[in-house]
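# Quick one, structure for this:
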Amino acid sequence: MVGKDVPDDVHDGAEAARRARSLMRAARTAALSTTLAGEAGQAFVSLVAVASAADGGPLLLLSDLAEHSRNLKGDARLALLYDGTAGLADPLEGPRVSVLGRLAPAAPEARARFLARHPTAARYADFQDFHFHRVAIDRAHLVGGFGRIRWLSAKDLLIEAPAALVRAEGDILAHMNADHGDAVALYATKLLGRKAGPWRLTGLDAEGCDLADGLSCARLNFASPVRDGEGARMELVRLVRTAREL
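Below you'll find the predicted structure:
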């Protein structure tokens with residue numbers, strides 16, 4: 001299927017990085033590992049909602065009152081585990097990626113990107129104890145299945161985020177979701193093989209777009225990178241034409 005994320009050879013560095021980014025962008029949640037405050041060396045794992053910046057970097061919305069936030073104030077180092085093994089008879093045959101890095105301040109556009117992925121978070125995002133963060137990536141460890149393993153640097157994993165495309169993203173998402181819901185549904189059902197549902201676009205970047213139906217998320221990759229709003233619109237039109245031919 002067009003745009004479907006399929007198994008690949010993780011020994012190909014560029015392809016491994018693309019696969020890791022796709023897995024990260026398709027995730028709603030990740031396991032967050034921090035160092036327990038006051039107990040040097042003791043790992044603490046929690047579940048967090050995740051989104052992605054335009055360059056692929058992880059975005060988080062954390063409460064100061066959470067245990068993991070207390071931990072990060074003492075030691076900003078963290079790891080995120082993205083799990084792509086759902087639905088497999090043997091989960092160890094499925095993909096997952098561990099991202100190692102540090103908690104860092106988020107750019108202003110992080111709010112819109114995170115809330116597009118997690119609309120219900122708008123109920124508490126403005127509470128005084130909640131803050132948006134970005135993970136400054138050090139490296140990542142991709143496992144594509146048995147024996148298909150590769151370390152990736154931040155330079156490998158992150159992509160360019162053209163300013164023109166970042167500026168156009170909000171308008172394109174609003175237009176597609178309000179006026180072209182049928183096209184978004186075709187992306188999900190025809191190109192990605194997902195079940196019918198209230199699919200909407202939640203993110204747009206140089207490599208593709210992110211979708212969600214309220215229960216799950218999906219990633220649709222473009223045939224080639226785009227750099228601005230016009231390029232993205234042309235690719236979205238091409239994809240819907242392809243979907244209608246299937």
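
# Which strands and helices lie in contact with the lowest-mean-pLDDT helix or strand in the chain?
The helix or strand with the lowest mean pLDDT-type score in the chain, counting by mean pLDDT, DSSP states H and E, is helix 13-25 (a mean of 93). Secondary-structure packing of helix 13-25 (3 or more Cβ pairs under 8 Å, 6 or more residues apart in numbering; DSSP states H and E): strand 51-52, strand 96-105, strand 130-143, strand 149-153, helix 154-157, strand 208-212, strand 217-221. (Glycine included, C-beta is placed from N, CA and C.)

# Give me the angle between the longest one and helix 13-25.
For strand 130-143 and helix 13-25, the angle between their directions (axes from the mean of the first three to the mean of the last three Cα atoms, to 10 degrees) works out to 140 degrees.

# Now name the helix or strand holding the closest residue to Gly74 other than its chain neighbours.
Sequence neighbours aside, Ala37 is the residue nearest to Gly74 in space, at 4.8 Å (criterion: Cβ to Cβ, 6 or more residues apart in numbering). Counting by DSSP states H and E, there is no helix or strand that carries Ala37.

# circling back: quick one: which of the helices and strands packed on helix 13-25 is nearest Lys195?
Checking these against Lys195 by Cβ to Cβ gives strand 217-221 as the closest, at 10.7 Å.

# one step back: out of the helices and strands packed on helix 13-25, which is the most enclosed?
Greatest average neighbour count among these goes to strand 51-52 (a mean of 26), per mean count of other Cβ atoms under 10 Å.

# For that strand, which strands pair with it and how are they oriented?
strand 58-63 (antiparallel) (DSSP bridges).

# Mean confidence (pLDDT) on the partner strand, please.
Throughout strand 58-63, pLDDT has a mean value of 98.

# circling back to that earlier point, tell me which residues in the least confident helix or strand of the chain are buried?
Using 16 or more other Cβ atoms under 10 Å as the burial criterion, the residues of helix 13-25 that qualify are Ala16, Ala17, Arg18, Arg19, Ala20, Arg21, Ser22, Leu23, Met24, Arg25.
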